[in-house]
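Participant: Sequence isn't available, so here's the structure alone:
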C-alpha cells in the first residue's frame with residue numbers, strides 16, 4: 001500500500017474532486033497526504049522608455065500570487081481534514097509545473113502521485129499538452145490519474 005501521497009491541485013473543480021478522492025483513499029489506507037501547488041513565477045516588471053510602472057507593482061503581483069496559493073491550499077486542506085486524513089502543504093514556484101510536481105514528490109519521499117486529468121484529447125491535447133501527461137511521461141514514482 002501507498003503511505004505518502006502527493007496531491008497536486010490548481011483549485012479547479014476537477015482538481016478538488018481529485019483531492020477529495022485522494023483524501024478518502026488516504027483515510028481508508030492510513031496514508032498521509034502532501035498537498036502541492038505549483039505557483040507561477042511573477043512576471044518581470046521593468047522600467048524603461050515607454051513603460052508604465054508602479055514602484056510597488058512587483059510586490060503587489062507577488063502578494064496576489066501568494067494569496068491565490070494560500071486560498072487554493074486552504075480549500076484543499078479543508079477537504080482532506082473533513083475526510084479524516086492528515087496532510088502537509090507545499091508551494092513551489094516555477095514555470096514547469098510537471099517538473100515541480102516530480103521534484104516535490106521525490107524530495108518528500110512520496111510513493112504515489114495522485115492527480116486529476118482534464119481529459120483533453122485530439123488536437124487540443126497535442127497542442128496544449130497536459131501537466132498530467134508530462135508527469136506520467138517523466139515520473140519514476142507511480143501516478144494515479146483521477147478522471
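Facilitator: On my side now, so go ahead. Worth saying up front: this structure is predicted, and the values here are computed from it rather than measured.
Participant: low pLDDT regions in the protein?
Facilitator: 45-55, 119-129 (pLDDT under 70).
Participant: Now do the strands for it: every range, in order, please.
Facilitator: 4-8, 32-39, 87-93, 112-116, 143-146 (DSSP state E).
Participant: Which neighbouring elements make contact with the first one?
Facilitator: By that I understand strand 4-8. Counting contacts by 3 or more C-beta pairs under 8 Å, 6 or more residues apart in numbering; DSSP states H and E, strand 4-8 packs against helix 13-29, strand 32-39, helix 97-107, strand 112-116. Glycine gets a C-beta too; all of them are placed from N, C-alpha and C.
Participant: do the shortest one as well
Facilitator: Other elements packing on strand 143-146 under the criterion 3+ C-beta pairs under 8 Å, 6+ apart are helix 13-29, strand 112-116, helix 131-138.
Participant: from the chain's centre, how far out does the longest one sit?
Facilitator: Between the mean C-alpha location of helix 13-29 and the chain-wide mean there is a distance of 14 Å, by C-alpha atoms, centre = their mean, to the nearest Å.
Participant: can you list the residues that contact it?
Facilitator: 1-2, 5, 7-9, 31-33, 35, 75-76, 79-80, 82-87, 114-118, 146 (C-beta atoms under 8 Å, 6 or more residues apart in numbering).
Participant: winner for burial among the helices and strands packed on strand 4-8?
Facilitator: strand 112-116 (a mean of 24; mean count of other C-beta atoms under 10 Å).
Participant: How far off centre is it?
Facilitator: Distance, centroid of strand 112-116 to centroid of chain: 10 Å (C-alpha atoms, centre = their mean).
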